[in-house]
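[1] Okay, predicted coordinates and the sequence, questions at the end:
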Amino acid sequence: MKRVFALIQPLHRDGLWTLAALVAAALLLLWLWAPLGWLCAGGAFLVAIMVQDPRRAVPLNLGLMVSPADGKVRRVDRMIPPVGLHLGTSPLTRIEIALPVLGPHVVRAPILGRIKAMADPSLPGHASFPAGQGTDAGLIFALAEGRTLGLVLSPWVGRIALACMTGDSLQTGQRLGLIRFGGTVALYLPEGLAPQVATGQVVVAGETVIALIGQDAVARVARQD
């Protein structure tokens with residue numbers, strides 16, 4: 001029985017209403033027309049997996065950059081950042097991660113830093129938007145030593161629920177928000193940083209090291225927040 005309960009993960013609060021609505025609809029439809037009810041129940045099961053918010057063993061070393069999302073590395077290349085991020089016009093190393101269909105969709109801060117700006121990455125200016133709105137979301141992190149990291153969240157079908165604002169200081173592995181119903185997360189690394197992951201590699205949010213900024217000694221602790 002303990003093993004069964006150990007498999008049950010906490011759920012992200014921004015997905016609870018969607019899950020509750022699907023469960024209620026499934027119960028009603030099972031009474032009215034079972035086939036449609038079971039279909040709705042399957043959808044509720046998928047959403048329950050996507051909004052999982054498992055605790056992660058986050059590296060304590062401040063020189064380690066970790067994956068912001070669970071999933072598979074879709075590509076590691078060099079690309080000019082979206083104009084809305086204001087990271088310049090020179091190509092930077094980009095690491096793009098595709099979220100899993102059957103896995104958590106919670107996005108976490110890849111490293112200690114402050115959110116310098118939030119914008120629609122497709123726009124030329126830093127067009128601010130309230131948390132929970134917008135399609136793609138661009139976050140610009142101010143790191144130590146004047147370095148800047150760009151993070152682009154792109155949903156496939158749903159929307160993004162952000163739990164952070166411009167000016168917030170974030171710890172490595174801290175929750176940024178939730179991408180509903182699949183998507184990608186792309187990082188634009190500061191110049192001079194070499195990626196520590198390869199295309200096709202499976203990564204874990206808050207745990208898998210994707211780049212080294214300082215020392216590479218790893219100490220881990222379970223983050224409980």
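    Received it, and whenever you're ready, just let me know what you need. Numbers count the residues shown, from 1 in each chain.
[2] Low-confidence stretches in this protein?
    Scanning the chain with the threshold set as pLDDT under 70 gives 1-31, 34-49, 121-135, 214-225.
[3] Mind splitting it into its structural domains?
    Domain ranges of the chain: 2-50, 57-222, per automatic domain parsing.
[4] my guess is Ala57 contacts Glu207, does it?
    Yes: between Ala57 and Glu207 there is a contact at 5.7 Å, judged by CB atoms under 8 Å. Where C-beta positions appear, they are placed from N, C-alpha and C, glycine not excepted.
[5] which ones are touching the closest residue to Arg180 other than its chain neighbours?
    Leaving aside its sequence neighbours, Arg180 sits nearest to Gly158 (CB to CB, 6 or more residues apart in numbering; 3.1 Å). Gly158 is in contact with 179-183, counting by CB atoms under 8 Å, 6 or more residues apart in numbering.
[6] and which of the residues you listed is nearest to Phe141?
    Distance to Phe141, by CB to CB, is smallest for Ile179 among the contacts of Gly158, at 17.6 Å.
[7] pretty sure Ile179 is in contact with Arg108, am I right?
    No: using CB under 8 Å, Ile179 is not in contact with Arg108, being 11.6 Å away.
[8] what is in contact with the two at once?
    Common neighbours of Ile179 and Arg108, counting by CB under 8 Å, 6+ apart, are Ala69.
[9] neighbours around the closest residue to Gln171 other than its chain neighbours, how many?
    For Gln171, ignoring the flanking residues on the chain, the nearest one in space by CB to CB, 6+ apart is Leu112 at 5.9 Å. Residues within reach of Leu112, counting by other CB atoms under 10 Å, total 19.
[10] how much space between Leu112 and Leu162?
    Between Leu112 and Leu162 the computed distance is 19 Å (CB to CB, to the nearest Å).
[11] Check Ser90 too.
    Counting by CB to CB, the gap between Ser90 and Leu162 amounts to 28 Å.
[12] more neighbours, those two?
    Taking neighbours as other CB under 10 Å, Ser90 and Leu162 compare with Leu162 leading, 24 against 9.
[13] Might one say that that one is in contact with Leu176?
    Yes: in this structure, Leu162 is within contact of Leu176 by CB under 8 Å, at 6.5 Å.
[14] what does stretch 186-201 contact?
    65, 67-68, 72-76, 79, 81, 85, 87, 90, 92-97, 110, 143, 147-152, 154, 203, 208-213.
[15] Among the residues you listed, which ones are in strands?
    Applying DSSP state E to the contacts of stretch 186-201, the entries found in strands are 65, 72-76, 79, 92-97, 148-152, 154, 203, 209-212.
[16] before we move on, the earlier item: can you redo the contacts of Gly158 as TSV with neighbour count and secondary structure?
    Formatted as TSV, the contacts of Gly158 follow (neighbours: other CB atoms under 10 Å; DSSP: H, G, I helix; E, B strand; the rest coil):
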residue	neighbour count	secondary structure
Ile179	26	strand
Arg180	21	coil
Phe181	17	coil
Gly182	18	coil
Gly183	23	strand
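[17] So which residues of the protein form helices?
    Taking DSSP state H as the test, the helices found in the chain are 2-7, 16-32, 34-50.
[18] just to revisit the earlier point, quick one: buried ones out of the ones in strands among the contacts of stretch 186-201?
    65, 73-74, 76, 92-97, 148-152, 154, 203, 209-211 (16 or more other CB atoms under 10 Å).
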